[in-house]
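Colleague: below is the sequence, then the predicted model.
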Amino acid sequence: MILLFDIGNTHTHIGLANDRRVVKQINLPTLTWLGGTAPALVAKFTGRAVIAGTALCSVVPRVTPRVKRAIFKQFGLDTLELTPETIAVVGINYPKPKSIGPDRLANAVAACEHFGAPVVVVDFGTAVTFDVVDARRDYVGGIIAPGLAAMTDYLHEKTALLPKIRIREVEAVVGKNTEQAMLIGAVHGYRGLVRELIGELKRDLRVKNLPVVATGGYAKLMAAKLPEITAVQPGLTLEGLRLVWAKQAQK
């Protein structure tokens, strides 16, 4: 089995994979690596599984070496870190490859392998990010917009009368109260943003049909009424890590 770590600012997503897919996963607060409790939780997660390899991507540099040390101590394995140098599965045509978030590279790998190229990944996280792989299977860049929760939380924090709301589906087009009005702006408004940007990307890539893969916390919600989105893949980053590990293992 392959043990996979997607280390984010808030959570570390951990997956256990065989040679075909990620078979199970858990989320741990990333701070547990700094507090020292994460290794025990990882041991409980893996159970009796025989770990043949490990891979990670991280956007938290101070945590990365702690994870590597913990893995080596626990399993006696060196960990493959996803970087522009180790990605292998897709090329990179970007001025400063090291500035690309490794989680975004992992998403691009998984989308390209499963949906072909060109392909776009839309990650509905703290920010809404678009990552683009062109017809040559090269990662060529992306788009970043504020996330849904970031936008609504900002409105709540910066105004006296707008409440903090829970993002969810809304059927109305005209709000009959403040919360409903904010939900319309967030949910319908962001669908409009995504639809327009996908249209621009199709024109830029000169294609009529463009696979668009959604991932992240609000992916299912946003994709529900966006036919432009081809598929929702919550575990896309871990799947990308699995594919990169498999490619490197073949060398």
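Modeller: Perfect, thanks for sending it. Numbers count the residues shown, from 1 in each chain.
Colleague: roughly how far apart are the spatially closest residue to residue 172 that is not a sequence neighbour and residue 116?
Modeller: In this structure, residue 172 finds its nearest non-sequential neighbour in residue 180, 5.7 Å apart by CB to CB, 6 or more residues apart in numbering. C-beta coordinates here come from the backbone N, C-alpha and C atoms, glycine included. Per CB to CB, to the nearest Å, residue 180 is found 40 Å from residue 116.
Colleague: so between the two, which is more surrounded?
Modeller: Between residue 180 and residue 116, residue 180 has the larger neighbour count (other CB atoms under 10 Å), namely 15 against 12.
Colleague: could I get the pLDDT score of the more buried one?
Modeller: Listed pLDDT for residue 180 reads 91.
Colleague: which other residues reach the strand or helix carrying it?
Modeller: Assigned by DSSP states H and E, residue 180 belongs to helix 178-183. For helix 178-183, the external contacting residues (CB atoms under 8 Å, 6 or more residues apart in numbering) are 152, 155, 161-163, 165, 167-168, 170, 172, 175.
Colleague: scan those and report the most crowded one.
Modeller: Going by other CB under 10 Å, residue 152 tops those with 23 neighbours.
Colleague: list the buried residues for the helix or strand where that residue lies?
Modeller: Residue 152 belongs to helix 148-158 when assigned by DSSP H and E. If you call a residue buried by 16 or more other CB atoms under 10 Å, then helix 148-158 has these buried ones: 148-149, 151-152, 155.
Colleague: check stretch 5-17 too.
Modeller: Quick answer for stretch 5-17 (16+ other CB under 10 Å): 5-8, 12-17.
Colleague: which helix runs longest in the chain?
Modeller: helix 189-205 (DSSP state H).
Colleague: so which elements touch that helix?
Modeller: Packing partners of helix 189-205 (3 or more CB pairs under 8 Å, 6 or more residues apart in numbering; DSSP states H and E): strand 119-124, strand 127-133, strand 138-146, helix 219-223.
Colleague: and of those, who's closest to residue 91?
Modeller: Nearest to residue 91 among the helices and strands packed on helix 189-205 is strand 138-146 (4.1 Å), distances taken as CB to CB.
Colleague: quick one: mean pLDDT over that closest one.
Modeller: Strand 138-146 comes out at a mean pLDDT of 92.
Colleague: how far off centre is it?
Modeller: Remark: strand 138-146 is offset 13 Å from the chain centroid, using CA atoms, centre = their mean, to the nearest Å.
Colleague: what residues does the least confident helix or strand in the chain by mean pLDDT touch?
Modeller: When each helix and strand of the chain is scored by mean pLDDT, DSSP states H and E, helix 148-158 comes last, with a mean of 81. Here helix 148-158 makes contact (CB under 8 Å, 6+ apart) with 124, 126-128, 146, 162-165, 167, 182, 186-187, 190, 218, 222.
Colleague: returning to that earlier point: in the helix holding residue 180, what counts as buried?
Modeller: Those buried within helix 178-183 under the rule 16+ other CB under 10 Å are 179, 181-183.
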